[in-house]
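1. only geometry, no sequence info:
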């Protein structure tokens, strides 16, 4: 095997006698020691051959093996999943040379094989040196083994061939993978693992052919021509398999972008959904659409539009498995990604695509819709439709943004029409009306959401937040229990203690509320709602964060929510007095609550003010 794809291409046509390219410089730490080591073994090999004074028949035999090795090296056999795209059958003749003629001739045959092929291909000098050196070192390893094995019958010959082939393989493959991994900035061990799994069987077959070569050569070098049939059969079969695999990939690949096509997307989706169910892991699906692509096509022309699609595809390949599923629509499959991770991936895609420019004063933008499976109320066959709905919501909210769909959102009449509200302020105002629906279903008497909103706004003002932030805190307080719309009413109104499973359902309400509000584009309100049950000591939920890692808005909501909960009647216990509630807040300051927020609440919110709020 040798490097058959670009590793150290020089750029430009003007000579640079003093400096080397940056890519070449990156490869030198690997190339230099390999070339040095090869130089040493080649010098030793030349000295040994000169001392032997080989006969004419020996020189002719070596020339024949060199010719055969060079020919098969010039036409490598394609193999899937190897870093250099294929493997060469030259191993048969190089190891065969080591077995028949010894280590020194094998080194020269290996070296000259690569030199002649690479020079004929007009490859850069660094590649000629490296590939030739790799073959020289691998040949030396194979030849060294033959010296140590006794030449005593067929059994020892088989052992000699097996060990020599293994030695060649063990030196050649890691050195090739090392330079490719450094050039491609890919992991060495992951590349080596793929290469070994794809080439081990071909190399084992070549070892058996090397044994045949050694046996036939011992009888008569002319009998070795019988190997041409098996070698041709292997090469033809492998090329046929490679063409069939290429045809299969073509049927599943979009020709313009090189991404998987619509058919491939649905095949992979079914596979990943089944795997997610089997392993109990999440699968996030992100559907993306190019904003105003028809206008771009009409203005710049279809060829330019096609180039834009190809550029977008390049930005998608960095995350998950990417597909082009429509004219200007793409998809990402993100196995193992929770919703928030998927949002981060999608936002990264939007940033990278936003750096593209199709022409003067033309910026490319995409919108994205996300759904994570499994989740409550979502069936497997609804995943794509749900992601599409989230994408449409992103389009309605002004485009060039990410939206997450939650199934609970669809069944709530209070959400009807909110996606079509163009202005953020209007959406915030409309979203505030949802608090009434929460109060109607909750187990409190009175206006819990309203009171929490007002108390939160009062504390925010006392903490010195500006007027805009105070209003956002007020809204977050009004919506902090929005997720309870998805909690069964029998749990909310249960008079006795909740079971463990019921408690788990109830504790999901911050995440559900976050998803609902995230879909409406009302940050940072959605994030504050998500974390409004996080404790100062890190023992809260859903994420178990603590201290100032908890957003300030969430810390304010937690105190206001706790105070109103303690001073309101519940179905399973009566309210407690204001003084007792204040004492409980102060007792839990520094563990459950932010001590500064508690201090401001106790000092700044007057009992008369609290009574007025509670009485409505």
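-> Yep, it's here. Nothing here was measured: the structure is a model prediction, and the numbers come from that model. Numbers count the residues shown, from 1 in each chain.
2. contacts only, for residue 45.
-> Counting by Cβ atoms under 8 Å, 6 or more residues apart in numbering, residue 45 touches 103-105, 107-108, 140. In short, each C-beta sits where N, CA and C put it, glycine included.
3. whoops, I mixed them up, residue 129
-> 31, 35.
4. for the helix or strand containing it, buried residues please.
-> In this assignment (DSSP states H and E), residue 129 forms part of helix 125-148. Across helix 125-148, burial judged by 16 or more other Cβ atoms under 10 Å covers 126-146.
5. coming back round to it: of the contacts of residue 45, buried ones?
-> For the contacts of residue 45, a neighbour count by 16+ other Cβ under 10 Å gives the buried set as 103-105, 107-108, 140.
6. from the residues you listed, which land in helices?
-> 103-105, 107-108, 140 (DSSP state H).
7. for those, which two are the farthest from each other?
-> Maximum pairwise distance in these, criterion Cβ to Cβ, is 11.4 Å, between 105 and 140.
8. any idea where the helices of the stretch 401-550 of the chain begin and end?
-> Using DSSP state H, counting those that start in this stretch, the helices assigned to the stretch 401-550 of the chain run over residues 407-410, 424-432, 434-441, 448-462, 467-479, 489-492, 500-506, 509-520, 525-530.
9. show me what the longest one is packed against.
-> Contacting helix 448-462 under the criterion 3 or more Cβ pairs under 8 Å, 6 or more residues apart in numbering; DSSP states H and E are the following elements: helix 434-441, helix 467-479, helix 552-566, helix 595-604, helix 607-615.
10. against residue 518, how distant is residue 405?
-> As for residue 405, its distance to residue 518 is 10 Å (criterion: Cβ to Cβ, to the nearest Å).
11. between the two, which is the more surrounded one?
-> Neighbours per residue (other Cβ atoms under 10 Å) separate residue 405 from residue 518, with residue 405 holding more: 28 against 25.
12. from memory the more buried one sits against residue 372, does it?
-> No - the criterion here is Cβ atoms under 8 Å, and residue 405 misses it with residue 372 at 9.3 Å.
13. gap between residue 209 and residue 95?
-> 10 Å.
14. so which of those two has more stuff around it?
-> Between residue 209 and residue 95, counted using other Cβ under 10 Å, residue 95 has the larger neighbour count: 35 against 21.
15. pretty sure that one is touching residue 141, no?
-> No - contact criterion Cβ under 8 Å: residue 95 and residue 141 do not qualify, at 10.0 Å.
16. circling back: let's have the buried ones among the contacts of residue 45 in JSON lines, adding pLDDT and distance to residue 155.
-> Output for those, formatted as JSON lines (pLDDT from 0 to 100; distance: Cβ to Cβ, whole Å):
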{"residue": "103", "pLDDT": "90", "distance to residue 155": "21"}
{"residue": "104", "pLDDT": "91", "distance to residue 155": "25"}
{"residue": "105", "pLDDT": "92", "distance to residue 155": "24"}
{"residue": "107", "pLDDT": "92", "distance to residue 155": "27"}
{"residue": "108", "pLDDT": "92", "distance to residue 155": "29"}
{"residue": "140", "pLDDT": "93", "distance to residue 155": "25"}
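17. tell me the domain boundaries of the protein?
-> What the record gives for the chain is the domain set 25-251, 262-405, 418-615, from automatic domain parsing.
18. number of nearby residues for residue 168?
-> 31.
19. should've said residue 612
-> By other Cβ under 10 Å, the residues close to residue 612 number 11.
20. that one and residue 458, how far apart?
-> Applying Cβ to Cβ, the value for residue 612 to residue 458 is 12 Å.
21. equivalent analysis for residue 447, please.
-> In terms of Cβ to Cβ, residue 447 sits 15 Å off from residue 458.
22. show me which of those two is the more surrounded one.
-> residue 458 (24 against 19).
23. so what's the more buried one up against?
-> 604-605, 609.
24. so which of those wins on neighbours?
-> For the contacts of residue 458, the largest neighbour count, defined by other Cβ under 10 Å, is 20 neighbours, found at residue 605.
25. now the buried ones among the contacts of residue 45 in CSV, please, with extra columns for distance to residue 219.
-> Output for the buried ones among the contacts of residue 45, formatted as CSV (distance: Cβ to Cβ, whole Å):
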residue, distance to residue 219
103, 23
104, 24
105, 20
107, 26
108, 25
140, 28
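26. circling back to that earlier point, immediately after the helix holding residue 129, which helix or strand?
-> As the chain continues past helix 125-148, the following element, by DSSP H and E, is helix 153-184.
27. lowest mean pLDDT across the helices and strands packed on helix 448-462, which one is that?
-> If those are sorted by mean pLDDT, helix 434-441 sits at the bottom with a mean of 57.
28. where does the stretch 501-616 of the chain dip in pLDDT?
-> 519-522, 571-572, 614-616 (pLDDT under 70).
29. could you redo the last one with a cut-off of 80?
-> In the predicted model of the stretch 501-616 of the chain, residues 501-502, 504-505, 515-523, 569-573, 607-616 satisfy pLDDT under 80.
30. pretty sure residue 481 contacts residue 449?
-> Yes - contact status for residue 481 versus residue 449: in contact at 6.2 Å, counting by Cβ under 8 Å.
31. which neighbours do residue 95 and residue 141 have in common?
-> Common neighbours of residue 95 and residue 141 (Cβ under 8 Å, 6+ apart) are residue 168.
32. which residues of the stretch 201-350 of the chain fall in helices?
-> Going by DSSP H, counting those that start in this stretch, the stretch 201-350 of the chain shows helices at 228-251, 262-279, 293-300, 302-316, 339-354.
33. now render those helices as CSV, adding mean pLDDT.
-> Converted to CSV, the helices of the stretch 201-350 of the chain look like this (pLDDT from 0 to 100):
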stretch, mean pLDDT
helix 228-251, 52
helix 262-279, 86
helix 293-300, 78
helix 302-316, 83
helix 339-354, 87
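34. between those, which gets nearest to residue 70?
-> With Cβ to Cβ as the yardstick, what comes closest out of the helices of the stretch 201-350 of the chain is helix 228-251 (14.0 Å).
35. right, and residue 328 touches residue 291 too?
-> No - Residue 328 is not in contact with residue 291 according to Cβ under 8 Å; the separation is 9.0 Å.
36. do I have it right that residue 157 meets residue 216?
-> No - using Cβ under 8 Å, residue 157 makes no contact with residue 216, being 12.0 Å away.
37. how about residue 70, what does it touch?
-> By Cβ under 8 Å, 6+ apart, residue 70 lies in contact with 90, 112-113, 116-117.
38. which residues touch residue 107?
-> 41-42, 44-45, 136, 139-140, 143.
39. same question, residue 457
-> By Cβ under 8 Å, 6+ apart, residue 457 lies in contact with 470-471, 473-474, 477.
40. try it again at 7 Å.
-> 470, 473-474, 477 (Cβ atoms under 7 Å, 6 or more residues apart in numbering).
41. let me know the closest of these to residue 545.
-> The nearest member of these to residue 545, counting by Cβ to Cβ, is residue 473 at 18.8 Å.
42. for the stretch 1-150 of the chain, what spans make up the helices?
-> 22-52, 56-74, 90-101, 103-120, 125-148.
43. would you turn those helices into a markdown table with distance to residue 494?
-> Shown next, in a markdown table, are these (distance: least, Cβ to Cβ, whole Å):
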| stretch | distance to residue 494 |
| --- | --- |
| helix 22-52 | 65 |
| helix 56-74 | 77 |
| helix 90-101 | 74 |
| helix 103-120 | 78 |
| helix 125-148 | 73 |
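44. burial of residue 157, as a residue count?
-> Look at residue 157: counted by other Cβ under 10 Å, it has 18 neighbours.
45. excluding sequence neighbours, find me the nearest residue to it.
-> Sequence neighbours aside, residue 214 is the residue nearest to residue 157 in space, at 6.2 Å (criterion: Cβ to Cβ, 6 or more residues apart in numbering).
46. list the contacts of the residue nearest to residue 91 when sequence neighbours are not counted.
-> Spatial nearest neighbour of residue 91, chain neighbours left out: residue 206 (4.9 Å); criterion: Cβ to Cβ, 6+ apart. By Cβ under 7 Å, 6+ apart, the contact set of residue 206 is 89, 91-92, 165.
47. I am finished for the moment; much appreciated.
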